[in-house]
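Visitor: show me the folded form of this:
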Amino acid sequence: MAGRVSKRAVYVVLGINREGNKELLGLWSGEAEAEGLAMNNIAKRWNRLIKNWRAAASHFAILFPERFKA
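Guide: You can find the predicted model right below:
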């Protein structure tokens with residue numbers, strides 16, 4: 001409907017790849033009116049590598065070797 005305004009929640013799902021880069025996995029809108037999202041310029045903030053990612057990735061590779069196959 002043109003000109004109609006409604007409150008909707010938007011769910012943002014982010015993941016981290018093996019190199020430590022953050023990736024947007026999906027966006028979904030919901031019916032929940034009570035939830036607010038104040039995420040301006042989210043892509044700019046999520047471009048940076050995670051600190052100590054190599055150490056974390058090594059730890060994850062020990063805990064979940066099936067997920068870190070070459």
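
Visitor: so what's the residue nearest the centre of the chain bridging to?
Guide: Closest residue to the average C-alpha location of the chain: residue 14 at 1.2 Å, with C-alpha atoms, centre = their mean. Beta-bridge partners of residue 14, counted by DSSP bridges, are residue 24.

Visitor: do the same with residue 30
Guide: So, taking DSSP bridges as the rule, residue 30 has residue 9 as bridge partners.

Visitor: that one and residue 12 touch, don't they?
Guide: No: assessed by C-beta atoms under 8 Å, residue 30 is found out of contact with residue 12, at 11.6 Å. (C-beta placed from N, C-alpha, C; glycine too.)

Visitor: which one of the two is surrounded by more residues?
Guide: residue 12 (13 against 10; other C-beta atoms under 10 Å).

Visitor: can you report how many residues lie near the residue lying closest to the more buried one once chain neighbours are set aside?
Guide: Nearest residue to residue 12 in three dimensions, chain neighbours excluded: residue 27, at 5.8 Å (C-beta to C-beta, 6 or more residues apart in numbering). For residue 27, the count of nearby residues is 9 (other C-beta under 10 Å).

Visitor: regarding residue 27, what is its secondary structure?
Guide: Put simply, residue 27 is strand when judged by DSSP: H, G, I helix; E, B strand; the rest coil.

Visitor: give me the distance between it and residue 11.
Guide: Residue 27 sits 7 Å away from residue 11 when distances are taken as C-beta to C-beta, to the nearest Å.

Visitor: so who does residue 30 touch?
Guide: Contact analysis of residue 30 by C-beta atoms under 8 Å, 6 or more residues apart in numbering lists 8, 9, 10, 11.

Visitor: ok, now how distant is it from residue 62?
Guide: 37 Å.
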